[in-house]
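Chemist: Provided below are the primary sequence and the corresponding predicted coordinates.
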There are 2 protein chains.
Amino acid sequence: MKKLMECVPNFSEGRDEALVEQIIDEVRKIEGITILDYSSDKDHNRTVLTMIGSPEQVKEAAINSAKKATELIDMSKHEGAHPRMGATDVIPFTPVASVTIEECVKIAKEVGAEIGSWGIPVYLYEDAATKPNRTNLTSIRKGQYEGFFEKIKEDEWKPDFGPQEMNAKSGCTAVGARVPLVAFNVNLDTPNVEIADKIAKRVRHIGGGLRYVKAIGLKLEDRNQTQVSMNLVNFEKTSVYQAFEMVKMEARRYGVNVVGSEVIGTVPMKSLIDVAEYYLQIENFNMNQILEKRLLDEQ
Amino acid sequence: MKKLMECVPNFSEGRDEALVEQIIDEVRKIEGITILDYSSDKDHNRTVLTMIGSPEQVKEAAINSAKKATELIDMSKHEGAHPRMGATDVIPFTPVASVTIEECVKIAKEVGAEIGSWGIPVYLYEDAATKPNRTNLTSIRKGQYEGFFEKIKEDEWKPDFGPQEMNAKSGCTAVGARVPLVAFNVNLDTPNVEIADKIAKRVRHIGGGLRYVKAIGLKLEDRNQTQVSMNLVNFEKTSVYQAFEMVKMEARRYGVNVVGSEVIGTVPMKSLIDVAEYYLQIENFNMNQILEKRLLDEQ
């Protein structure tokens, strides 16, 4: 049974294609790594890379690509719409198969220590966080690259690795571990975004709703509809069907109907198999009954 | 993208473990083949092997294991509860990934030709069938080993490969291609098996129900419940949720409720992802959004 971990490093360069290719080449060199996707956004001036491999492979790939980004990217000249604080802005590790979140935390710490040794301040986040207020990436990144020259001097923001001094060229880097995220949107037959927003607030954790749901209401201009846009940050504990049924339930009070839903990007098979299991009322189902699971396990 | 085919040969020996191991060893020798399962039944005196590999690998594994079974099994001495007609009784090929049913038919014909060249009568069945009345394995096997000495003389039962004469030692062999089958049972809160049977008859194809559903009613003695036991022989065309909802619908007229369901054995992931897609009303879903699908495709 092969151990598989996913790693999705974000680099602060999305305009210079040749430069981005040099970073990705560092990953291509490592045998056994699968690059699922990489895409650059010119407005954000940012590249997001998704790769999968054994813990040792993704560790090596994360270190080598971050090393190349450190060499090539100068943050003092960076402009872009997306919040960022470093050349290698963020490196999350996620379990895929036969790997625990604890093993992801271990790899995150090893990668963090290595990057810290290059003179770059490193913050551990999500499940790798060393303090409660470092769990959330948004809190860490607040103030961004420009603000960090001051922020880093505060005791509260002493880095987990590397110097307590901003690196002007490379900025600082967040390295973390987290369970896979499912981006799931539910579309409503009302053009009234206030209704979508009210539903989102009832469904999400901070509003008193489901523990692992983040949600906002959005307008779908071209369809004259609205949407409850959700991130399910732990689908094993708060399943997709629970989020879906709760949106339906809250929509009822406004006489609004669910007209469809969307799954955004890549999701682990189990997040949707769990849904089938619920609606079909399947008794004693085991993931080993899935042919593809067996094939991956046998490798 | 790796081509994967499943092959599930059935051999007429389930008591002599050492003999069965010799047959399985022929498959173990072939690099790249995954043996998902093999199990022998003493009452049936039969062994069922489930293996997956590239078309060329499963072809070689099917031929080599059938060759060994031909060498070691003497059908003139065979006794067992399960219907059978040959030492290598049946060899079905099924698409798993990046393979069409037509490619399975091609492999089935190649394997059939090879076995025929050993002096064993071979019948192609299901999607590989050359005549409509050879589609169904039950029709081909009717009369079994003992009856085939006469049956084979009929024009209608001239084999697709090999001599039109029964092979006393090896019997004859059916080689076929079929889409994956999903064994799916729905449990009812009534102890009355007549109700389960009436529902089965409405849901299944021969009774006017769903095109790719076979169904019977069964009693679950230990639970004081009954069950509609189904085989979905083409889950891409008749989905699991359709069968489930139709059982629920028919149960309503008897005031009977569905209390659960069971998925038996291994199923392709898509058979259950389709269910999630339906109940969540997901728009524009693509199987490439499944992480595990991508991992298998990249190999």
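Modeler: Received it, and whenever you're ready, just let me know what you need.
Chemist: helix or strand next in line after the host helix or strand of A:Ala18, which one?
Modeler: Counting by DSSP states H and E, the element that carries A:Ala18 is helix A:17-28. Next along the chain after helix A:17-28, taking DSSP H and E as the criterion, comes strand A:34-41.
Chemist: got the contact list for the closest residue to chain B within the stretch 101-250 of chain A?
Modeler: Of all residues in the stretch 101-250 of chain A, the one sitting closest to chain B is A:Phe244 (5.4 Å; Cβ to the nearest Cβ). Bear in mind the C-beta positions are built from the backbone N, C-alpha and C, glycine included. When contacts are counted by Cβ atoms under 8 Å, 6 or more residues apart in numbering or on different chains, A:Phe244 touches A:Phe184, A:Val186, A:Val258, A:Ser261, A:Val275, B:Leu280.
Chemist: which among those residues gets closest to B:Ile216?
Modeler: A:Val275 (28.3 Å; Cβ to Cβ).
Chemist: ok, the closest one to B:Tyr278 distance?
Modeler: 10 Å (Cβ to Cβ, to the nearest Å).
Chemist: so between the two, which is more surrounded?
Modeler: A:Val275 (25 against 18; other Cβ atoms under 10 Å in any protein chain shown).
Chemist: which ones are touching the more buried one?
Modeler: A:Ser239, A:Val240, A:Tyr241, A:Phe244, B:Val275, B:Ala276, B:Tyr279, B:Leu280.
Chemist: please repeat the previous calculation with a cut-off of 6 Å.
Modeler: A:Val240, A:Tyr241, B:Ala276 (Cβ atoms under 6 Å, 6 or more residues apart in numbering or on different chains).
Chemist: which outside residues touch the least confident helix or strand in chain A by mean pLDDT?
Modeler: Ranked by mean pLDDT, DSSP states H and E, the weakest helix or strand in chain A is helix A:291-297, scoring a mean of 87. Here helix A:291-297 makes contact (Cβ under 6 Å, 6+ apart) with A:Met1, A:Met287, B:Leu36, B:Thr266, B:Pro268, B:Met269, B:Glu292.
Chemist: so A:Val182 versus B:Lys293, what's the distance?
Modeler: 15 Å.
Chemist: higher neighbour count, the two?
Modeler: Shown here are A:Val182 and B:Lys293; by other Cβ under 10 Å, A:Val182 has more neighbours (24 against 19).
Chemist: next one, pLDDT for the more buried one please.
Modeler: With respect to pLDDT, A:Val182 scores 94.
Chemist: go on, A:Glu236?
Modeler: Reported pLDDT for A:Glu236: 92.
Chemist: again, but for A:Thr138
Modeler: For A:Thr138, pLDDT reads 87.
Chemist: enumerate the residues of chain A near chain B.
Modeler: A:34, A:36, A:244, A:260-263, A:266, A:268-269, A:272-273, A:275-276, A:279-283, A:289-292, A:294, A:296, A:298 (Cβ under 6 Å from any Cβ of the partner chain).
Chemist: of the residues you listed, just the buried ones, ChimeraX syntax please.
Modeler: To isolate the buried members of those in ChimeraX, using 16 or more other Cβ atoms under 10 Å in any protein chain shown:
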select /A:34,36,244,260,261,262,263,266,268,269,272,273,275,276,279,280,282,289,290,291,292,294,296
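Chemist: and the next element down the chain from the longest helix along chain A?
Modeler: Counting by DSSP state H, the longest helix found in chain A is helix A:55-72. Past helix A:55-72, further along toward the C-terminus, the next helix or strand under DSSP H and E is strand A:88-97.
Chemist: only C-alpha atoms, please: export the longest helix of chain A in CSV.
Modeler: Output in CSV follows, covering the C-alpha atoms of helix A:55-72 (Å, rounded to 0.1, in the frame of the first residue of the first chain):
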residue,chain,number,x,y,z
PRO,A,55,6.0,11.8,1.7
GLU,A,56,9.7,11.8,0.9
GLN,A,57,9.1,12.7,-2.8
VAL,A,58,6.8,15.6,-2.0
LYS,A,59,9.2,16.8,0.7
GLU,A,60,12.1,16.9,-1.7
ALA,A,61,9.9,18.5,-4.5
ALA,A,62,8.6,21.2,-2.1
ILE,A,63,12.2,22.0,-0.9
ASN,A,64,13.7,22.1,-4.3
SER,A,65,11.0,24.2,-5.9
ALA,A,66,11.0,26.6,-3.0
LYS,A,67,14.8,26.8,-3.3
LYS,A,68,14.5,27.7,-7.0
ALA,A,69,11.7,30.3,-6.2
THR,A,70,14.0,31.8,-3.6
GLU,A,71,16.7,32.2,-6.2
LEU,A,72,14.5,33.6,-8.9
